[in-house]
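Engineer: Provided below are the primary sequence and the corresponding predicted coordinates.
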Amino acid sequence: MTNQTLTQEAIRERAQEAFRNHLKHLSGGNIKAWVELWEENGVLEFPYGPTGFPEKKEGKEELYEYMQNFPQHFEVNFTELEFHLTVDPELVIAEFKSVGKHRETGNPYNQTYISVVETKDGKITRYRDFWNPLVAIESVGSVDEAVQFSE
């Protein structure tokens, strides 16, 4: 179905559902399903990553390579999801939290996020991930280990 035949509300719901599925697949450890939510050349950006952390990952292959080990390192549940309405129904702005831990250190990984996500026809095209790198560093143990995880 093209956007021309969908209502603005149906387009918005489709975009928000892609985001909900993003959280579901990450917390469930299903990285293959997570990658399928993305448009072929989708971009994941990290505006607040620590020095040495990648600024972005681009394309399904790079996204999969980056995230494939996430379930082995982190156990998380996402909570308190709140969407903010936008003029563009394919733009998702979400605030949410994660409650979990780093599996190797046992340290908590309790993060607060703001995500700005562009979608097209229900696929993620660009995802800007705003999170606190200090929480990640404390969870994995050091800046070097946080950066190493991102490689």
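Structural biologist: Happy to help now that I have it.
Engineer: ramachandran angles for the residue nearest to residue 133 when sequence neighbours are not counted?
Structural biologist: Distances taken as C-beta to C-beta, 6 or more residues apart in numbering put residue 50 closest to residue 133, at 4.6 Å, once the chain neighbours are dropped. Where C-beta positions appear, they are placed from N, C-alpha and C, glycine not excepted. Per-residue torsions, residue 50: phi -70, psi 170 (degrees, to the nearest 10).
Engineer: confidence score at residue 50?
Structural biologist: pLDDT, residue 50: 80.
Engineer: and it, how many neighbours?
Structural biologist: Residue 50 has 15 neighbouring residues, counting by other C-beta atoms under 10 Å.
Engineer: show me where the protein has helices.
Structural biologist: Per DSSP state H, the chain carries helices over the ranges 8-28, 31-35, 60-67, 70-73, 133-140, 143-150.
Engineer: nearest to residue 95 among these would be which one?
Structural biologist: Within the helices of the chain, the stretch nearest residue 95 is helix 8-28; the backing value is 11.5 Å (C-beta to C-beta).
Engineer: pLDDT wise, what is residue 140 at?
Structural biologist: Value for residue 140, per-residue pLDDT: 83.
Engineer: hang on, I meant residue 146
Structural biologist: 52.
Engineer: now do residue 150
Structural biologist: So, for residue 150, pLDDT stands at 51.
Engineer: now residue 135
Structural biologist: Taking residue 135 on its own, its pLDDT is 89.
Engineer: OK, contacts around it?
Structural biologist: The contact partners of residue 135, by C-beta atoms under 8 Å, 6 or more residues apart in numbering, come to 109, 110, 111.
Engineer: want to throw those residues into a markdown table with pLDDT and distance to residue 80?
Structural biologist: Formatted as a markdown table, the contacts of residue 135 follow (pLDDT from 0 to 100; distance: C-beta to C-beta, whole Å):
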| residue | pLDDT | distance to residue 80 |
| --- | --- | --- |
| 109 | 94 | 15 |
| 110 | 96 | 11 |
| 111 | 95 | 11 |
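Engineer: so which of the residues you listed comes closest to residue 12?
Structural biologist: Nearest to residue 12 among the contacts of residue 135, counting by C-beta to C-beta, is residue 111 at 25.5 Å.
Engineer: what bridges to residue 84?
Structural biologist: Residue 84 forms beta bridges with residue 93, as assigned by DSSP bridges.
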